[in-house]
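Novice: only geometry, no sequence info:
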């Protein structure tokens, strides 16, 4: 590939390295807490991590200005699809899922090369492992709520755990085209059904795993139906939302006696993998976990 003058700038390599989470909105993100704690524990004194509010329209210009002062980016909604054509390489898992949540910056003849990858799948697998413990036999019977970008990563995670035919409950079957294409690339064969709150409760209470990928409060009607109609669940619920925490669905599930894994656990583990990829060092899980717990405690105490 020939060099394009001005495409990306080359910076002097110093001890200072930058990383950031991009998204819109992004002020609520706990990624800076996690990554900063990792840098401190690893003794990377010159490293800095920030949250930068970035729209889809702003993204191309931001990417063009990346230089060797940058170690990488965390990418959140609504940019996980939009970033794909802006990077030089996309790793196979991210390509299959159709979503990039991590961009790695490395030296190249033209200045820098950008590689898109996906650590959400890793985060989901690790978070589910916390809830499942030794109950891995229950993995085969899984229910996924929602059909967006995180649902695609969820299908990949379930595939890694051995579940290749989960039930996927969505509000509109007509809007599952991208998810179906991603599933085909990954070799999984979900069963798609229209999400209706009372019917969803019956499927959920018999499932070994339930993963809600729905936005904040979108699953509240399901939580209400579960509180009214649901018997004791037999499996593990992972709700990827961590703000608010706990979600109404997580509260209803726990009140009925089910095991809940909060979305902050997925956030933690995907950040652990990002730190490893961006720094080239094993991430300090304990330090990052402690920082996350501290931040959540502060949030809970704030009126």
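Specialist: Thanks, I have the structure now. All values derive from a computational prediction rather than experimental measurement. Numbering: from 1, shown residues only.
Novice: strands paired with the host helix or strand of residue 211, and their directions?
Specialist: Using DSSP states H and E, residue 211 maps to strand 209-212. Looking at strand 209-212 with DSSP bridges, its partner strands are strand 142-145 (parallel), strand 236-239 (parallel).
Novice: give me the residue at the spatial middle of the chain.
Specialist: Centroid check for the chain by Cα atoms, centre = their mean gives residue 120 as the closest residue, at 3.8 Å.
Novice: that residue contacts residue 101, doesn't it?
Specialist: Yes: using Cβ atoms under 8 Å, residue 120 makes contact with residue 101 at a distance of 5.1 Å. Using the backbone N, CA and C atoms, a C-beta is placed for each residue, glycine as well.
Novice: check the contact lists of these two and give me the overlap.
Specialist: Shared contacts of residue 120 and residue 101 (Cβ atoms under 8 Å, 6 or more residues apart in numbering): 153, 270.
Novice: from residue 197, how far off is residue 148?
Specialist: Here residue 148 is placed at a distance of 19 Å from residue 197 (Cβ to Cβ, to the nearest Å).
Novice: sec struct for the residue nearest to residue 257 when sequence neighbours are not counted, please.
Specialist: Excluding the flanking residues, the one nearest residue 257 by Cβ to Cβ, 6 or more residues apart in numbering is residue 232, at 4.6 Å. Following DSSP: H, G, I helix; E, B strand; the rest coil, the label given to residue 232 is coil.
Novice: low-confidence ranges in the stretch 51-200 of the chain?
Specialist: Low-confidence segments of the stretch 51-200 of the chain (pLDDT under 70): 134-138.
Novice: same thing with the stretch 201-303 of the chain?
Specialist: By pLDDT under 70, the weakly predicted segments of the stretch 201-303 of the chain are 230, 301-303.
Novice: would you map the helices across it?
Specialist: Under the criterion DSSP state H, counting those that start in this stretch, the stretch 201-303 of the chain carries helices at the ranges 220-229, 248-255, 263-279, 285-301.
Novice: okay if I get those helices as TSV plus mean neighbour count and distance to residue 207?
Specialist: Shown next, in TSV, are these (neighbours: other Cβ atoms under 10 Å; distance: least, Cβ to Cβ, whole Å):
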stretch	mean neighbour count	distance to residue 207
helix 220-229	18	12
helix 248-255	21	11
helix 263-279	23	18
helix 285-301	14	27
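Novice: phi and psi next, for residue 104.
Specialist: Dihedral pair for residue 104: phi -110, psi 140, per degrees, to the nearest 10.
Novice: go ahead and confirm residue 143 touches residue 204.
Specialist: Yes: under the contact definition of Cβ under 8 Å, residue 143 touches residue 204, with a separation of 5.5 Å.
Novice: which one of the two has more residues nearby?
Specialist: residue 204 (26 against 23; other Cβ atoms under 10 Å).
Novice: distance of that one relative to residue 173?
Specialist: Here the distance between residue 204 and residue 173 works out to 19 Å (Cβ to Cβ).
Novice: equivalent analysis for residue 264, please.
Specialist: Residue 264 sits 31 Å away from residue 173, going by Cβ to Cβ.
Novice: which residues does residue 73 bridge with?
Specialist: Under DSSP bridges, the beta-bridge partners of residue 73 are residue 20, residue 103.
Novice: how far away is it from residue 103?
Specialist: Here residue 73 is placed at a distance of 4 Å from residue 103 (Cβ to Cβ).
Novice: tally of neighbours for the residue lying closest to residue 272 once chain neighbours are set aside?
Specialist: Distances taken as Cβ to Cβ, 6+ apart place residue 283 nearest to residue 272, at 4.3 Å, with adjacent residues excluded. For residue 283, the neighbour count with other Cβ under 10 Å is 24.
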